[in-house]
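A.B. asks: coords please:
(chains A and B)
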Number of protein chains: 2
Amino acid sequence: MDLVWICIIVGLVGAGVVAYFVRYVLRQDEGSKEIRDVSSAIREGGLAFIHREYRTLVIVVVVIAIILGLLGFVTPALGWRAAVAFIFGAVCSMGAGYAGMNMALRSNGRTCVAAQKGLNQGLRVAFRGGAVMGLTVVSIGVIGLAIIYFAWHNLPKEQFLAIIPAYGTGASLVALFARVGGGIFTKGADAGSDLVGKVEAGIPEDDPRNAAVIADNVGDNVGDVCGMGADLLESYVETVIGAMVLTTVGSMVAPWVTAKLFPTLSPAVALQHAWWLPMLIMAGGIVASIIGCFLVRVGEKVQMSALLGALRRGTLSATILTAIFAALIVHFLGGSWGLFWAMFAGLAAGALMGESTNYFTSYAYKPTLEISEASTAGAGATIIRGFANGMMSTWPPVILLVIAIVVAFECADFYGVALAAVGMLSTLGVTLATDAYGPVADNSGGITTMVGLPPEVRERTDALDSLGNTTAATGKGFAIGAAGMNSLGLILGFAGAVGIVTVSQGKLVLPPELSLLNWHVIVGIILGALMPPLFCAMTMKSVGVTTAAIIDEVRRQWREIKGLMEGTAKPKYGRCVDICTTIALRQMLAPSIMTIVVPIVVGIILGAYALGGFLIGALATGFIFAITLNNAGGAWDNAKKWIEAGHFGGKGSEAHKAGVVGDTAGDPMKDTAGPSLNIMLKLMSVISLLLAPVFVAIGVGGLIP
Amino acid sequence: MDLVWICIIVGLVGAGVVAYFVRYVLRQDEGSKEIRDVSSAIREGGLAFIHREYRTLVIVVVVIAIILGLLGFVTPALGWRAAVAFIFGAVCSMGAGYAGMNMALRSNGRTCVAAQKGLNQGLRVAFRGGAVMGLTVVSIGVIGLAIIYFAWHNLPKEQFLAIIPAYGTGASLVALFARVGGGIFTKGADAGSDLVGKVEAGIPEDDPRNAAVIADNVGDNVGDVCGMGADLLESYVETVIGAMVLTTVGSMVAPWVTAKLFPTLSPAVALQHAWWLPMLIMAGGIVASIIGCFLVRVGEKVQMSALLGALRRGTLSATILTAIFAALIVHFLGGSWGLFWAMFAGLAAGALMGESTNYFTSYAYKPTLEISEASTAGAGATIIRGFANGMMSTWPPVILLVIAIVVAFECADFYGVALAAVGMLSTLGVTLATDAYGPVADNSGGITTMVGLPPEVRERTDALDSLGNTTAATGKGFAIGAAGMNSLGLILGFAGAVGIVTVSQGKLVLPPELSLLNWHVIVGIILGALMPPLFCAMTMKSVGVTTAAIIDEVRRQWREIKGLMEGTAKPKYGRCVDICTTIALRQMLAPSIMTIVVPIVVGIILGAYALGGFLIGALATGFIFAITLNNAGGAWDNAKKWIEAGHFGGKGSEAHKAGVVGDTAGDPMKDTAGPSLNIMLKLMSVISLLLAPVFVAIGVGGLIP
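C.D. replies: Just a heads-up that it's a prediction; the model follows:
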């Protein structure tokens, strides 16, 4: 029997659990009319944005699909099948983002109501709202992959391996637009609302007189839920794709892959198993994640540490279970233990990267406290210390990545790198659930303030929100680690696809054209290194543009709508949502198109070897920039919170003002530029892999030999 | 005749011009007792710092020299000769920094006196003070190289080529310590003095009641003059070294180098000429620079544009003359025109990189004005826009670097890259003069305020200072470009030294071990990319430590010394200088040692191929980080100045406060971390090149095969 059926079954089980959680959440009390009004305003805004975003996306997707179809005339590897796979990937990504966001939008008000009863009830609703997202992503991911597999795996091997990257590219493209567009929306609205409300007018956060508050809450959903879901769906499917593609490097030299990775099998069966292995590990991870999700519960004691412990219990059990399942699967498929260790290296590295992010951004530890302390010397010192801290925080993830790479290579060569990525993402179902829970909690806090619920409810939603910040930090560290590992796998796949790998005396012989002494490679690396900072510069600037527009609009409403500041009239929330939507969709185009076009231009003009260097260069700086920006931003946020908790003078002190500057500066770094970099790296890699046959057809040397 | 004699002669001519300028400056009026007092306090502080810094350095240099000598037992390529060359390089660098700074310290007071007579007089004294530095560096550089050449070029070629990197390493090591130590000193003192004086106590900059003002002025000299001189001396000699070493890649395959680069010569003569060429171009550049220096003069019209025009005339004429000389030299040595074009590509790219920096950091252009405008929305917006601007500003230098690399490779292969670096640095005599002029002008402004000269004198010194900021920005862009090109040359030299380059059908065959598909190379690239952010984090944090100590000390003096604030007692300036010196010297050790040790560890554990990747990875991120930090910092500085000039509310407005935050945050980025990265990149490359024979001896594959 083809074991991929197991994936379909597990995917359907996942979907069943999703349905159960959805029913659970929808059965909860929607609360008073005020809560429902605010909640539905946020929902309308979020859906309006997504609809307009997807309308833009459909055009882009169709155009690219046509191009892919036409490229069938250039190389038989592409053509209509690639076009269909591409569209399918895009649809899966849109569906996952949409479903997750829709559910988050229905959970926020209910969390708010549940929190009136108690912290535990609030946690449960918010977490299950987030878990819908996590399990939807992994179920769609694994079923989608299985469909592609069953549709085309009987084609000639080379053709199958050329088509599946098209599926990943579709998912990747949607993810990029969703992350960038959502990121610009969310931080533009957030900064605009804060600057004009908290700083300028001196009214509290989420005050209903501020016309931008709904936009701010919408932003949490379109950026942090929809964008992140699409991002991780992409990582999820692309790791499997990477693993399948990397069997080529071995399968062209079948004796080698058989002898080393599946010592007891014949070459043909070994290849089959090498394709099954990543999908089955993913299926095992889904089962483990479901179990993990049900383990998230707290007793009567509802302290912060207990809450965090509950979430940790869920993710940790899933991790251990996944490792056990993976060992069984490897054994059952007749694989060497090296395969397990490669996968395990990724699993462990991913978990540790999350912890490292937590260390560098939580005010429970020294780095963030130092930023709070530096704030007493003014905002300049806050910025310097925070930025230095962000740069310093790059070392643990880089070292972990390097260790995982070395272990993976030593244990299972090229294929091992992809397996490490698979290991890292295998528990995504539960890690994404803990991550997507954050924005739900954040939103419920916003609604609590807007409808004027009693302070003890806000205290509870604040506690849930604070817990969400911790899981978000961990999730971010994990996401960038996964992106790095994953795009390395894709890059190796690309290099294998354009380089000529041969075997001599039982060892792979590497293509000398990809040598560092080839100037094409050097130039590629330098150009690739340029991409992440340019991308960050563009997206951060876009946030500034959106913020300025929001500030203008809120000021205008205060000026023109009589009785607004006195609370007798209501602001036009919809206008701010509209403005954010329009600007975010316009601003997301330039960085996204640059991400798609530049690698292709490099591949054509400077050649495929230069493109290999380009991708590695982009990975090197992209990884560093993403961690620096994420952690600097996260630490500034929490350093401010620490001051607000009454240290170094507390709220209103000079140190607090400095802390606010750090937080404002860090927001677009950690929520727009940083996370978008993940997708940028993956998209450039997968698009290069997809077009590798084209580069080979038109000449790998490029136009300047 | 051995044409290198020409270099000795030109070097001596340069020394003669230096002597003439020194006499000119020393003949100028030293001014009143007050001026002499302040000036001598700065001088004492500067010299005290240098003496203590050099004492630390001597120990490090001796230890490393002994190690190099002992390594002679591992590989015959090193040994006592390498140790001597290393010490000689270190001494040259110390000498150049010392001479330049000493002169700058004697010019500041005199510039102040000359500025009382008029702007033109002030310009002349300050520029000639700076020109001493510029011409000293190039003269020492070229004479030093000639001495090394005459001493050992008759050794077997391989041994000669292994020894000369030791000379560069010596210079590099001193430069790193000087830049890092000086950078921490200068920005620690600057930020401390500003925060406690301007911000906290509300007294003007350079107010004599502030105990840190002398330390601030000392910092300009130890950081911007001594550090920069050592930095560029290093670039200067290392480009020539790189060019010589890269003849190996060709000379091992003599028919190839002869046929392509020197088509009419026999192999032996071709190699000889390939060694002479870079040194003779440098000699031509010195002559051109001397002429350029004398062309810096203004007429009666002393507007800002006229001043800038005067400096531009000097550098532009030197550039054109150098190109003409280089064409003649190439022709005379029987070289192909490709050699000229490779050199010219570097010359042009260097000049354009300087202009690009100017565009992104001067308030005459849009990027900086946008930062000023963003400041009206608060300091957070200032930081975001400035940082985005810094990242955006990376594209012109990167594209220029890439074009220069492509042209160089296409015209003269590996050797061409080194020639492009030679071209970039050939006009250093005059570009460094315009650059070193800045701190002299800055200091003279400080003295003017401290001794209370009439406001029109301060206006003139301010104008000179402002001009200095422009030339400093241009100079910084040029320095990082030179560092990038130069370390690429050294990396290629290293790769050639550890890789096996062969020739087949008239073309070089590249070593497959350096392929991107070798995990050692990938891991190397990722680890290398980590180094620059760590280095920046460490140095920026060190500035914060120094600043905090200075603030404490100034506050203490105000508290304890009676009559200080009333102006009846004098502060203890020396204490602040002492504190800066002690902390800077202690803090410079960790980043410097990391720079030396990590590449060696990588080379030993992961092997020489990984080290090749490591150096390229470090170059890619280092180049990006250096430009981002330099330009973000420079633009923040000028955005603040633009607001101070009366825009967006002018001094004291909210926008101004935001601008000050940007400036404070940018200072350690642009004056400590950014410029130090240049040297870090070069030092890691040259030390790897120097130790290449050791890596080959212990096995290029490393400990993890």
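
A.B. asks: A:His647 is in contact with A:Ser372, isn't it?
C.D. replies: Yes: using Cβ atoms under 8 Å, A:His647 is in contact with A:Ser372, at 6.3 Å. Any C-beta I mention is one placed from the backbone N, CA and C, and that applies to glycine too.

A.B. asks: which of the two has more neighbours?
C.D. replies: A:Ser372 (28 against 19; other Cβ atoms under 10 Å in any protein chain shown).

A.B. asks: is the helix or strand harbouring the more buried one in proximity to chain B?
C.D. replies: A:Ser372 belongs to helix A:366-374 when elements are defined using DSSP states H and E. Yes: using Cβ under 8 Å from any Cβ of the partner chain, helix A:366-374 reaches chain B at A:Ala374.

A.B. asks: what's that helix packed up against?
C.D. replies: helix A:337-361, helix A:379-392, helix A:608-644, helix A:654-668 (3 or more Cβ pairs under 8 Å, 6 or more residues apart in numbering or on different chains; DSSP states H and E).

A.B. asks: distance check, the residue of the stretch 601-705 of chain A found nearest chain B against A:Gly95.
C.D. replies: In the stretch 601-705 of chain A, the residue that lies nearest chain B is A:Thr664 (2.7 Å; Cβ to the nearest Cβ). Separation of A:Thr664 from A:Gly95 (Cβ to Cβ, to the nearest Å) stands at 35 Å.

A.B. asks: so between these two, which is more surrounded?
C.D. replies: Set side by side, A:Thr664 and A:Gly95 show more neighbours around A:Thr664, with 28 against 18, by other Cβ under 10 Å.

A.B. asks: count of neighbours near the residue lying closest to the more buried one once chain neighbours are set aside?
C.D. replies: Nearest residue to A:Thr664 in three dimensions, chain neighbours excluded: B:Gly380, at 2.7 Å (Cβ to Cβ, 6 or more residues apart in numbering or on different chains). Using other Cβ under 10 Å, B:Gly380 has 30 other residues around it.

A.B. asks: quick one: contacts for B:Gly380?
C.D. replies: A:191, A:195, A:660-665, A:667 (Cβ atoms under 8 Å, 6 or more residues apart in numbering or on different chains).

A.B. asks: so which of these is the closest to A:Met133?
C.D. replies: Nearest to A:Met133 among the contacts of B:Gly380: A:Asp667, at 22.4 Å, using Cβ to Cβ.

A.B. asks: count the neighbours of the closest one for me.
C.D. replies: Applying other Cβ under 10 Å, I find that A:Asp667 has 24 neighbouring residues.

A.B. asks: wouldn't it be in contact with A:Gly192 here?
C.D. replies: No: applying Cβ under 8 Å, one finds A:Asp667 not in contact with A:Gly192, separated by 10.9 Å.

A.B. asks: re the thing from before, now the angle from the helix holding A:Ser372 to helix A:379-392?
C.D. replies: Between helix A:366-374 and helix A:379-392, the angle comes out at 170 degrees (axes from the mean of the first three to the mean of the last three Cα atoms, to 10 degrees).

A.B. asks: flag every buried residue along helix A:366-374.
C.D. replies: Neighbour-count burial for helix A:366-374, counted by 16 or more other Cβ atoms under 10 Å in any protein chain shown, picks out A:367-374.

A.B. asks: so what's the gap between the one helix or strand A:Ala473 maps to and the chain middle?
C.D. replies: According to DSSP H and E, A:Ala473 maps onto helix A:455-498. Distance of helix A:455-498 from the chain centroid (Cα atoms, centre = their mean, to the nearest Å) equals 6 Å.

A.B. asks: A:Met450 - how many residues pack around it?
C.D. replies: Neighbour number of A:Met450 under other Cβ under 10 Å is 23.

A.B. asks: what's next to the helix holding A:Ser372, contact-wise?
C.D. replies: Counting by Cβ under 8 Å, 6+ apart, A:359-363, A:381-382, A:384-386, A:389, A:392-393, A:635-636, A:638-640, A:642-643, A:647-648, A:655, A:659, A:662, B:544 sit against helix A:366-374.

A.B. asks: briefly note if stretch A:238-248 comes near chain B.
C.D. replies: No: Stretch A:238-248 is not in contact with chain B by Cβ under 8 Å from any Cβ; minimum separation 11.2 Å.

A.B. asks: as a whole number, average confidence for the helix or strand A:Gln557 falls within?
C.D. replies: Assessed by DSSP H and E, A:Gln557 sits inside helix A:519-560. Here helix A:519-560 scores 92 as its mean pLDDT.

A.B. asks: that helix to helix B:608-644, inter-axis angle?
C.D. replies: 30 degrees.

A.B. asks: touching, A:Val686 and A:Leu173? I think so.
C.D. replies: No: the criterion here is Cβ under 8 Å, and A:Val686 misses it with A:Leu173 at 9.2 Å.

A.B. asks: closest to the centroid, which residue in chain A?
C.D. replies: Nearest to the mean C-alpha position of chain A, counting by Cα atoms, centre = their mean, stands A:Asp231 at 3.7 Å.

A.B. asks: how about that residue: what's its closest non-neighbour residue?
C.D. replies: Nearest one to A:Asp231, counting by Cβ to Cβ, 6+ apart, is A:Ala175 at 5.0 Å.

A.B. asks: contacting residues for that neighbour?
C.D. replies: A:93, A:227, A:230-231, A:233-234, A:679, A:682-683.

A.B. asks: now A:Ile6
C.D. replies: Counted by Cβ under 8 Å, 6+ apart, A:Ile6 has contacts A:280, A:283.
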